[in-house]
Every structure is written in structure tokens, then in C-alpha cells.
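Chemist: no FASTA, just this:
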């Protein structure tokens, strides 16, 4: 065990007896970085080749809420209950603070599911297939199928031609889509742009599929010239393709039409399966004019989108839609469940569909359209303000992900919970990110930045390789 | 779309306009079976060979809560809100009823997480590795690691030697354990008894592993004589073994010690990886005297247990514990997350760890011990009452899963939400299943049964092949 950090809570955790929290206990200590880092035994760093600048980890044992065996007289004294209530109240306060200062992850933190609190008392489980009831009666398939229908309609697949389910996260959607692709083309090679989500490459490894990484343009989109070259190297084997509807870092949207054209013009007609990873933009794109349409009227196999991102949800979840005909290749009957087995997971969270149903019902397509427009407007506002201040920045046309110079100070990065890669950071403008929040972020950034680069010894990093020369304002590329 | 079923709610879903629910609307219709079955397009049945008696499915489109685009004046009239509140209130009532009549699945439905309702407003996400913080600050790793420590202690693995995470369900635990096994022994063959959970065979297919099914004894335990024979057929390749700590149907506990002995005596020393699937009993076994101990002091690689089963949780979740040294083979650095990538899922539900933390803290090891004893006592009560009534029944020594004659009437099966397979059904006696509930179940069963077998034309099924001659009371085996 790492040396004690010396704040009240940690000491408390290590003692045998439960004591009331000290008066000087600082709730933010719970989630703020602790100074003592221990990477020993955490591993995974040696020989990784790339020197990651982010503080990669701290052993969370030092700041965990240890579970203590109750004392025999706990029920009488009520100390246990008091201790737990106190931990929870402080934790809640830290969540409020952390939720307020959040810009980097594409999660809409603005939701009110108070009306659904009454359902927390139930163990709601949609185990197995959404379209086939199991004998377990405490489920929410009525809501789940309503949500799936809504998405199938959005992506233009008929009720009797689609299959889908509500997943635990974007990764499960990608795992499912790529698995379906592999089962349709067991000998297929997986193609994905190098800026695809890491779960795509994890899938390749899990499924023992050969995986070919395709180059990207500066925007982050797949480079179809490189794609063609790589296809032609493997003409004899079918193709399973992951198409990004919004990449993780730059929010780039692969050109679906050009991907299909490249496949068809190079002898792959009828020998490809496309999975669209629409984790974030799958739900935004339909409401952006000029965006290439994601629709099952085109020869795609599956689309996934996250539920906790643009919609907003207390826990991660996602929606997976595919063609019913593909599912039969996955199915095997499992009598125990009275169901076929076409989902990745077995027991499935029955609360998530109700959260989604609730929001979709309240907002409707029109409500989402309004929010998408607001996000794009605010993203442009952020980009313009950064550019005015001479900070390198890029915003893809169809995106609300603003990519800019990585702030020099890791504390600032953590405070605003920015996602970073190399020299770039990004803010994803979600419905809960309003102009006020952006202003206070900008003000703080400008102020800090004037300190970082004050003495002229350091200058902002060059980002030409990441976002293009025209977007970079480093010493070299400043106009 | 299937023809309308004619109850108020369904009609409502199909109409364009939102209307108040009719007064004669019956809330139980929401979850009770609807008469119209539509297996068309659901597929997966043809050519399955085995004629499954359970009503395998109904197209849930017929009973879903369709999402309607809000009317422009909805906010003014408040109709939308009223409609949704009404659907939810009725749904809640049906959940109460379904929760009351539940015996077949190993879910503890008895919990009170009222103190945690305050956290539902937050999007809590433990994305990535529990031991390495990401930049996203709205997480619950402090609770997650506390829970993991508790389980590592239970299974005797030191803090600096274990790695684990809180999963979405038992399936994710099995997928993870078997993946780790495969990465440790890429050429390994997967061995699992034929009564293993279906997710084990799903893993083999996903991971493209050769899988050998091993026979079982009547009790449901793995047959180590057959295991030995199958090992010897593949002496040259390492073994990845799934050991059941409580099978799904019979609650049978594989003899871990004998599995290890069989491996070591047949030349597999140092060439095997054991994953223990302790979905339900992983948390009960430690508190049962005479049970073979699951401990990392034995040469096992990983243990998984479900969180929504014995502990009880609103949504499915699980705990996965493995040896830290194995995790490095899985890891790859993902800068976007500032984390290694050793979990199956990416975004991870941050509420589940808090639910588990809350219950473990309140009950402690002693509390669980008491509950396990109560469950075993009640399971024996149920077995004795069934046997007295001349109904064939089996209860494994270390188990609270009571296996008995499958009730003839599917409506009865659904009413009590029994899990069935072939001629057998089971009740899993969980902490929320008390003597009163068992009595009302038994009373109803005895009464129905006297009708089913009244005229002497039909007689109870023979279960000798499933639970042994000595436990069967069919016409042939009645003493």
C-alpha cells in the first residue's frame, strides 16, 4: 500500500474503526489528483515506445472508500449509517463540481430524470433478445423496442427488416457490428482508418481478424486513395469496414458514399460489410444539412450510437441497429433464456431504455434538431474566439468538436476534463455547454496562457501535422 | 406490423395523436403475454432440431410504447407530460406485481437504495481502467476499487497482485476471463462442461477458440473422468478451463480441486488457465461450510461473480478479479483515455459500483453469511415440501437452486417466472424469497397440479435422466 496521503478520508479508510469524518475534510480531495503516484505494479508502460505526456495513472487504492466490516453494535449506534450518508453527501458535492467543469468528453450532462427515480427500486433486466421475451417478467422491452423503432426510422430501415438492441456503450456497438460483419464474411479483412475508436482495434484482436489501418486526411476523415490501395492488395478476400460517423478526437465524418464507391469500383460489390460507428454524431448528423446521409437505403450492415452522449443518460448505454437477415447468422437458441442469443451481453440493463425513451419522447426529432443547431453555433463561437486570440484551432464542418492547442498545464487540462492527444486537445460542445460556460473557460485559458508563454522561453506547440498548416498559429506558421 | 391486440394502450400507440389512457386500461396487459404471436421474421427457429416447448417469442412491436413526435402545443397543454407520467405509473405497478411473483432467476430483488437516488442526476462513467484515472472527472473509482478490494480479500489475492473491474453482467466476466486465458495461452483449447453458461460457448465462437464440451454428472458437476479423457486427446495444446461455481440450471459446483488434480496429473502443470464462473455462488460459497474453497492460493487465473444476483442491484453488473500479471498481456495504451485498455467495455457504468459498495458496507461478510444460511434453509424447506407432495425434486448440497418437475402449464411458469429446460424447472431461493412466498407458490402449484393430472390421462414427466432415478417420482420411478 502506498504511503498515506494525509487527508482525513484516507486516514480514515486505513483505520479499523469507523469514525466521523474530520471537520477539515475537503470533498474535492476525493476526485482531485493526489500527489503520491504509484505506477509500480500497474505496468503496461514499459516498452510502449511512445512517451505519453499525460499523467498516466495513480494507484487508486490510495484514495478509495474502503469497505469495513460492520461493528456488532452498528445498528444500535447508527454510526455506520451516519458514516455512509456523510461519504455520499460529500461525494455528491464533488460530482456537482466536476459536472460543472467539464468540456472534453462528448457527454450531455444536462438531464432531469426525476420522474424515473421511482423505478430505481426494481431489478429491471432485459436479458437476451429485445424482441423475444424471456420468462423473467421485470423487464422494459416495451420501452426498448419503442426506442429501437425510433432509431430504425431515423436510419430508414423497416420494422420487419431491422434488428437491434440497447447496449452498454459505444464499444459494445462496435464489438457487435464487427462481429456480425465477421460472421457474414468469416474470411473478411477488417479495414478502419487509423483515427477510429480504439474499440475497433480491440475487436480485431478479440475476434482474431486481420486488420488493416487506413490513412486519414488532415481533417481526420478516411483517405479513400489509401483505402483503395489497401483494398487492391487484398482483392481476394471480402472487406469488413468500420466507417466513422464522427471520430473520437477530431469529430471527423468519413465519407460514406466515397467508401461505398471505392469498394464497388474495385471489385468488392456484394463482398463487403460496413459498420458505421456513430457513437456521437450518429444522432447529430441527421440534423445537419449537407451531411452525407447515414441510411440503410445504402449498402451498410449496421449503425451504432451512444445513448449517454448526445441524449444524455446517468449511465453509459448505446443503440445498435442492424439488418435482421444478418442476425440469423449470429443466432443460436438458448433454452434457459427462452431466447436466441444475438446480443454480446446476456443480462442487460433495463433502466437505460427507459431513460432513452423518456428523452426521445420529450424532445422528439424536432427537439434534437434544435439542440444540434445550438451545439454547432456554440462550437463556431468557441472556434472564432480561439482564433481571434491567436490560438491554433480546427472545427470540422459537420462537427461540434473543437480541436485546439493542448494547454501546457496538466492541472488546467484536468480541471476542465479535456481529452488530449499529442499536441492537441478538444472540447466537444454538447447541449449542456452554453456560451457562459465557454466564456469562463476561455477567460481562464487566456489568463493561464499569458503566464505559460509570458517569458518567451516557451512557445505554443506546432500543430500543423495534426490540424494543418492553415489552422496552426505556432511561431513558424503564424501569419 | 402485427394486427392490433385491441387493448387500450396498443391502440393508443398506433394513433397519431396522444390521448389520455382509457379508463378500462389494464396495466398487467403491458407485461402479460399477448395472444397474437408473430414469429415471422424473428427467425432463428428453423432447423434448430430441438423442439423447444417454451413459447419462444412474441413480436414485442405489438406491445411497445411507441415514441411519438411531440405536438407543437404539447408544452402548453401539458398532455405529453401527463401521458408519460401515466405510462410510467402503470408500468411501475406492473413491476411491483412482477417482482412479487418471481422465483426462477437468481436475482435478489430485495434492496433499498433510496439513499443513492440523489446520484441519478449525474452521468457517472468509469471509462477505461479502474486503477488509472482518466481525465473525465465524474467517476466513482473510489467506490469501485473499494468493492474490488473487498472481493480480492474474499478470494485471497493481495492488493498489489490483483487486477479487476466492475462489469456489466456475468457474461462480461466470462468473456473477460476466457479472453485473458486465450491471451496467456494463444494456442489453448477451451474446456467447459456442457452445463456451463451459454456465454462460455459464445466466447469460444467470438474468440475463434477450439472448444471441447465435457460431460457432467447427474448433479450437474463436471465429470472429471471424461475431462481427463478429453485432455489426453489434446495433450500437446495448453488448456483454458471454465469451472462452474454454480451452474445455471442445477446450481452444481464443479470440484475445483479435482479439476486441478486432473490437469496436473496429466501433464498440464504450468500449461493451464482456469476461469471460475461464480455468477451466483461465487458470493455464497465462501459462507457454506464444506464447500471447496475458491481462492487464488490455488492455481486459478480469474473469478467472476454477478452483482445483481446475490447482492441485488437495480441493473445487472458483476465483479471480475484476475491476477495483475495476466493483465499486462491484454494491455495496450490508449492515449485518448489516458489509460491502458484491459476491460472489455470502454465507457463503464459508474453507478453500479456505488450500489455494490453501499450493500457490502451495510451487510459485511457477516451479513452475507446470515443470508446464505437463510437461503439454504429455505431451499431445504421447499425441497422437503415438494418431496412430501410426491413431486420429483433435487437440491445440490452446496446450492439454493431447487430443481423439480416442470409445471405442465406455461401460464403458471410465466406467472412465477420459472426458468425451465426440458422436463425440469427451478426455483432459486434468494434472500427475498421467504417462507411465506414459498408457501403461496406451493399452494398454487399443488392446486393446479391436481387439475393437470386429475383425469389420469396425463402424468408427471419422468426426470430420471435429468436429476437421477432416486429423485424422480414419475409413474415408473415412484417408490
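Modeler: On my side now, so go ahead. All figures in this text were calculated on a predicted structure; none of them were measured in a lab.
Chemist: quick one, phi psi at residue A:462?
Modeler: When read as degrees, to the nearest 10, the backbone of residue A:462 gives phi -80, psi 130.
Chemist: What's the local residue count around the closest residue to it other than its chain neighbours?
Modeler: Leaving aside its chain neighbours, residue A:462 sits nearest to residue A:474 (3.9 Å; criterion: C-beta to C-beta, 6 or more residues apart in numbering or on different chains). To be clear about C-beta, it is placed using only N, CA and C from the backbone, and glycine gets the same treatment. As a burial measure, residue A:474 scores 16 neighbours (other C-beta atoms under 10 Å in any protein chain shown).
Chemist: Can you check which helix is longest in chain A?
Modeler: If you go by DSSP state H, chain A has its longest helix at helix A:351-388.
Chemist: quick check, that helix touching chain B?
Modeler: Yes - applying C-beta under 8 Å from any C-beta of the partner chain, one finds helix A:351-388 touching chain B at A:351, A:352, A:357, A:358, A:360, A:361, A:362, A:363, A:364, A:365, A:366, A:367.
Chemist: Kindly write the ChimeraX command that selects the buried subset of these.
Modeler: Buried residues among the residues of helix A:351-388 next to chain B (16 or more other C-beta atoms under 10 Å in any protein chain shown), as a ChimeraX selection:
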select /A:351,352,357,358,360,361,362,363,364,365,367
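Chemist: give me every residue that touches the residue nearest to residue A:462.
Modeler: A:392, A:459, A:460, A:461, A:462, A:463, A:464 (C-beta atoms under 8 Å, 6 or more residues apart in numbering or on different chains).
Chemist: Widest-spaced pair of these?
Modeler: A:459 and A:464 (13.9 Å; C-beta to C-beta).
Chemist: who's more crowded, those two?
Modeler: When residue A:459 and residue A:464 are compared for neighbours, residue A:464 comes out ahead with 17 against 12, by other C-beta under 10 Å.
Chemist: what's the burial count for residue A:477?
Modeler: Residues near residue A:477, counting by other C-beta under 10 Å, number 15.
Chemist: roughly how far apart are it and residue B:288?
Modeler: As judged by C-beta to C-beta, to the nearest Å, residue A:477 and residue B:288 stand 70 Å apart.
Chemist: got it, and residue A:291?
Modeler: On the measure of C-beta to C-beta, residue A:291 and residue B:288 end up 59 Å apart.
Chemist: Also residue A:367?
Modeler: Residue A:367 is 54 Å from residue B:288, by C-beta to C-beta.
Chemist: same question, residue A:425
Modeler: From residue A:425 to residue B:288 the distance is 53 Å (C-beta to C-beta).
Chemist: Compare neighbour counts for those two and give me the winner.
Modeler: Shown here are residue A:425 and residue B:288; by other C-beta under 10 Å, residue A:425 has more neighbours (22 against 19).
Chemist: From what I see, the more buried one and residue A:418 are in contact.
Modeler: Yes - the criterion here is C-beta atoms under 8 Å, and residue A:425 meets it with residue A:418 at 4.5 Å.
Chemist: which residues in chain A form strands?
Modeler: Assigned by DSSP state E, the strands in chain A fall at A:162-167, A:189-193, A:211-214, A:239-244, A:272-277, A:302-306, A:318-323, A:333-334, A:339-340, A:393-395, A:401-405, A:419-421, A:424-428.
Chemist: JSON lines for the ones you listed, including distance to residue B:320?
Modeler: Conversion of the strands of chain A to JSON lines gives the following (distance: least, C-beta to C-beta, whole Å):
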{"stretch": "strand A:162-167", "distance to residue B:320": "19"}
{"stretch": "strand A:189-193", "distance to residue B:320": "26"}
{"stretch": "strand A:211-214", "distance to residue B:320": "26"}
{"stretch": "strand A:239-244", "distance to residue B:320": "27"}
{"stretch": "strand A:272-277", "distance to residue B:320": "25"}
{"stretch": "strand A:302-306", "distance to residue B:320": "23"}
{"stretch": "strand A:318-323", "distance to residue B:320": "21"}
{"stretch": "strand A:333-334", "distance to residue B:320": "22"}
{"stretch": "strand A:339-340", "distance to residue B:320": "24"}
{"stretch": "strand A:393-395", "distance to residue B:320": "39"}
{"stretch": "strand A:401-405", "distance to residue B:320": "32"}
{"stretch": "strand A:419-421", "distance to residue B:320": "26"}
{"stretch": "strand A:424-428", "distance to residue B:320": "30"}
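Chemist: Where among those strands is average confidence lowest?
Modeler: Mean pLDDT values for the strands of chain A show the minimum at strand A:333-334, a mean of 51.
Chemist: Tell me how many other residues crowd residue A:315.
Modeler: By other C-beta under 10 Å, the residues close to residue A:315 number 25.
Chemist: For it, give me its contacts.
Modeler: By C-beta under 8 Å, 6+ apart, the contact set of residue A:315 is A:308, A:349, A:351, A:352, B:123, B:124, B:125, B:315, B:349, B:350, B:351, B:352.
Chemist: So which bits of the stretch 151-300 of chain A are right by chain B?
Modeler: A:159-161, A:168-172, A:175, A:179, A:197-199, A:201-202, A:206-208, A:248-249.
Chemist: please redo it, this time with the cut-off set to 10 Å
Modeler: Residues of the stretch 151-300 of chain A lying close to chain B (C-beta under 10 Å from any C-beta of the partner chain) are A:151, A:153, A:158-163, A:167-172, A:174-175, A:179, A:182-183, A:186, A:197-199, A:201-203, A:205-209, A:248-249, A:279.
Chemist: Any of these buried? List them.
Modeler: Burial by neighbour count, judged by 16+ other C-beta under 10 Å, picks out A:151, A:159, A:162-163, A:167-172, A:174-175, A:179, A:182-183, A:197-199, A:201-203, A:206-207, A:209, A:248-249, A:279 from these.
Chemist: tell me the pLDDT at the residue nearest to residue A:298 when sequence neighbours are not counted?
Modeler: Leaving aside its sequence neighbours, residue A:298 sits nearest to residue A:260 (C-beta to C-beta, 6+ apart; 6.2 Å). Looking at residue A:260, its pLDDT is 98.
Chemist: ok, now residue A:458?
Modeler: So, for residue A:458, pLDDT stands at 85.
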